[in-house]
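S.K.: need a structure here:
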Amino acid sequence: MGSRGGGKPFGSGANTSLSSKGKNVSESSGPAVEQLSQGVADIGLDSAQDDGEWEVIAKKSKNRAGSSAAKPWGSQNTNNKAWGNPEVIQKVGMRNNGGSGKNPGNARSTQPVDPRGPTGRGTARPQTFNRGVQSNYAAPQPSHETRKSSRWFKKFFDSLDSLSIEEINEPARQWHCPACQGGPGAIDWYRGLQPLITHAKTKGSKRLGEVFGKWKGLKDDEKDHEIVWPPMVIVMNTRLEQDDNDKWLGMGNQELLDYFSGYAAVKSRHSYGPQGHRGMSILIFESSARGYLEAERLHKHFAEQGTDRNAWDRRRVLFYQGGKRQLYGYMALKEDLDLFNQHSQGKSRLKYELRSYHEMVVNQIRQMAEDNQQLIYLKNKVVKEQRHSKQLEESFGIVSEKLRKTMEENRIVRQRTQMHHEQNKEELDFQEQFFKEQLQTIREQREAKEEDFEKLQQDKRQQVKELNANPSNNEDYRSRVEKVEDFIELQDKEMEEYVAERDSLIEEHGEKMTTMKRRHLEEELEMEKEFDARLAGLMKKYTPNQAEGSANV
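M.R.: Numbering: from 1, shown residues only. Predicted coordinates:
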């Protein structure tokens, strides 16, 4: 089978050793299984190096200058993945000095290549050291047992071993290509062994690549790990000197906090043993993502200046020039805290716990980012509200000033109206008093006239009585008495008529006065309504318009 990678088909004598059942199957089924084994083995897959992923074919280079580095599809890939033996000898075509691409006699020279060499886009074609040297060396073919032990073919050959000869040769039995598993051809079915053998013979030695432009990300999900909680940083070489009892003395808690005051540690602890201060101290940070970031920042600071864990373990220098001690620091691990608590018992032991890094740091940072976005949104909203409130305050101030001026103008108008009303009231009171006096005068004159009229009637009656007071005889007396009675009767009748007409006149006058007063009240009511309507129109005319007020604001 020809290989697109420039390989050479394996020989038919490769599968020389078989298991008992596999040998029987091979011997009984004829050349079919042997051809299938050879064809499948020709597919260039290395069981020791291949991880089952499909290679991504690089995009064809636009370099047309004939550079060998710009040919990603050629056979110069030095990491050709072959089945079985990882020490693959790649056959590379030699070019002669004339540039024909083939040596005389179509001979090929071979060169051993490290299978771990770099591959991929832009890999140059390997050059042979001895140009024109011909060699007939052929790579050793992997045995049948080697192919069967490959993790790619193991399941396939196990299936073959479990079947009888008749079952293997059934034309209706369907097969999957074992070399295509995990790739585009993994789902293809081949009915009978002959189509599978044909597929294996026509399959190139190099695995098919996927369409260019597809990428593969991380193989595994983001891995989590446990961290010491609360966050702590180990500070080493913190002891100073020995006292009179040969006990070591070291830095104090506050001294250590002050020394690293730029990193917001909340407290510090020191490790003590039988010899006193052990030179091992701890800075404890806030139990939050912020505290962890502060501890990590201090850890990176130590690493940047070369005084981290690696320096302490391998090349520690306790003193530098001037006799001062050099401090070392790094993030605390469980082993460090166990060492720190080595000589501590009970309540004196430093308490800690192991927590998930994602839970305590990553999730909190994400939550802080979300909260920060929400805070920014709320801040912007507050700024808008403050700006709006300021505009409302300015508008309120302008409207209040206008209202104050309007109220002052209304007060002046009310004051003037009150003064005018008082003046009108005084004038009306004066006129009312004048008319009342006139009416009183008329009434008094009328009463005087009535008294005079009554007195005149009485005087007239008295005169008639006096004229008939001294009669000369009885007849004359009787005649005078009759005249007086007739006069009195006539006068009484006239007075009755007078009283009736007077009462009628008074009643008519009263009705006219009532009608006149009603008409006056109606006219007064109409005048009040007219005044109220005109006053409302005047106030509406001089009321500030709301739209104009908003536009002015």
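
S.K.: using CSV, write down the CA coordinates of stretch 240-256.
M.R.: This file holds the C-alpha atoms of stretch 240-256, laid out as CSV (Å, rounded to 0.1, in the frame of the first residue of the first chain):
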residue,chain,number,x,y,z
LEU,A,240,18.1,37.4,65.7
GLU,A,241,20.4,36.2,68.5
GLN,A,242,20.7,34.0,71.6
ASP,A,243,20.1,35.2,75.1
ASP,A,244,22.1,34.2,78.2
ASN,A,245,20.3,30.9,78.4
ASP,A,246,21.3,30.0,74.8
LYS,A,247,17.7,30.5,73.7
TRP,A,248,17.1,32.1,70.4
LEU,A,249,15.3,35.4,70.2
GLY,A,250,13.5,36.7,67.1
MET,A,251,11.3,39.3,65.6
GLY,A,252,8.1,40.3,67.5
ASN,A,253,4.6,40.2,66.1
GLN,A,254,4.2,43.9,65.7
GLU,A,255,7.7,44.3,64.4
LEU,A,256,7.0,41.8,61.7
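
S.K.: what about it, average pLDDT?
M.R.: For stretch 240-256, the mean pLDDT works out to 86.

S.K.: so, low pLDDT: which residues of the stretch 401-550 of the chain?
M.R.: For the stretch 401-550 of the chain, residues meeting the criterion pLDDT under 70 lie at 467-474, 545-550.

S.K.: wasn't Leu439 part of a strand?
M.R.: No. Using DSSP: H, G, I helix; E, B strand; the rest coil, the assignment for Leu439 is helix, not a strand.

S.K.: can you get me a residue count around it?
M.R.: 10 (other CB atoms under 10 Å). Just so you know, the C-beta spots here come from the backbone N, C-alpha and C atoms, and that holds for glycine as well.

S.K.: gap between it and Gln445?
M.R.: In this view, Leu439 and Gln445 are 11 Å apart by CB to CB, to the nearest Å.

S.K.: where do the strands sit along the protein?
M.R.: 91-92, 109-110, 174-175, 190-191, 226-229, 232-236, 239-242, 248-250, 267-273, 276-284, 328-331, 353-356 (DSSP state E).

S.K.: deepest of those strands, which one?
M.R.: strand 232-236 (a mean of 25; mean count of other CB atoms under 10 Å).

S.K.: tell me what that strand is packed against?
M.R.: Strand 232-236 sits against strand 276-284, helix 289-304, strand 328-331, helix 334-340, with contacts defined as 3 or more CB pairs under 8 Å, 6 or more residues apart in numbering; DSSP states H and E.

S.K.: who does it pair up with?
M.R.: strand 276-284 (antiparallel), strand 328-331 (antiparallel) (DSSP bridges).

S.K.: quick one: average confidence on it?
M.R.: Strand 232-236 comes out at a mean pLDDT of 93.

S.K.: do the same with stretch 270-284
M.R.: Rounded mean pLDDT across stretch 270-284 is 90.

S.K.: and for stretch 352-362?
M.R.: Stretch 352-362 comes out at a mean pLDDT of 89.

S.K.: neighbouring contacts of it?
M.R.: 222, 224-230, 232, 289, 292-293, 334, 337 (CB atoms under 8 Å, 6 or more residues apart in numbering).

S.K.: wait, doesn't Lys267 sit right on Leu256?
M.R.: No. Using CB atoms under 8 Å, Lys267 is not in contact with Leu256; the gap is 9.5 Å.

S.K.: sorry, back to before: pipe the contacts of stretch 352-362 into JSON lines and attach distance to Tyr498 per row.
M.R.: Below are these laid out as JSON lines (distance: CB to CB, whole Å):
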{"residue": "Glu222", "distance to Tyr498": "130"}
{"residue": "Asp224", "distance to Tyr498": "131"}
{"residue": "His225", "distance to Tyr498": "135"}
{"residue": "Glu226", "distance to Tyr498": "134"}
{"residue": "Ile227", "distance to Tyr498": "131"}
{"residue": "Val228", "distance to Tyr498": "133"}
{"residue": "Trp229", "distance to Tyr498": "128"}
{"residue": "Pro230", "distance to Tyr498": "126"}
{"residue": "Met232", "distance to Tyr498": "132"}
{"residue": "Ala289", "distance to Tyr498": "121"}
{"residue": "Tyr292", "distance to Tyr498": "126"}
{"residue": "Leu293", "distance to Tyr498": "125"}
{"residue": "Lys334", "distance to Tyr498": "138"}
{"residue": "Leu337", "distance to Tyr498": "137"}
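
S.K.: where exactly do the helices run in this structure?
M.R.: 20-28, 31-41, 144-149, 154-162, 165-168, 193-202, 253-259, 289-304, 309-314, 334-340, 357, 363-467, 474-542, 546-552 (DSSP state H).

S.K.: I'd like the ones you listed as CSV, with distance to Gln174 appended.
M.R.: CSV is the format used below for the helices of the chain (distance: least, CB to CB, whole Å):
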stretch, distance to Gln174
helix 20-28, 18
helix 31-41, 15
helix 144-149, 22
helix 154-162, 12
helix 165-168, 12
helix 193-202, 9
helix 253-259, 74
helix 289-304, 56
helix 309-314, 59
helix 334-340, 55
helix 357, 49
helix 363-467, 49
helix 474-542, 97
helix 546-552, 83
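
S.K.: and those, which is most packed in?
M.R.: helix 31-41 (a mean of 22).

S.K.: roughly how far does Gly322 sit from Leu160?
M.R.: As judged by CB to CB, Gly322 and Leu160 stand 79 Å apart.

S.K.: next: Arg461.
M.R.: 172 Å.

S.K.: ditto for His176
M.R.: Distance from His176 to Leu160, by CB to CB: 13 Å.

S.K.: how is the protein divided into domains?
M.R.: What automatic domain parsing lists as the domains of the chain is 20-202, 226-351, 468-553.
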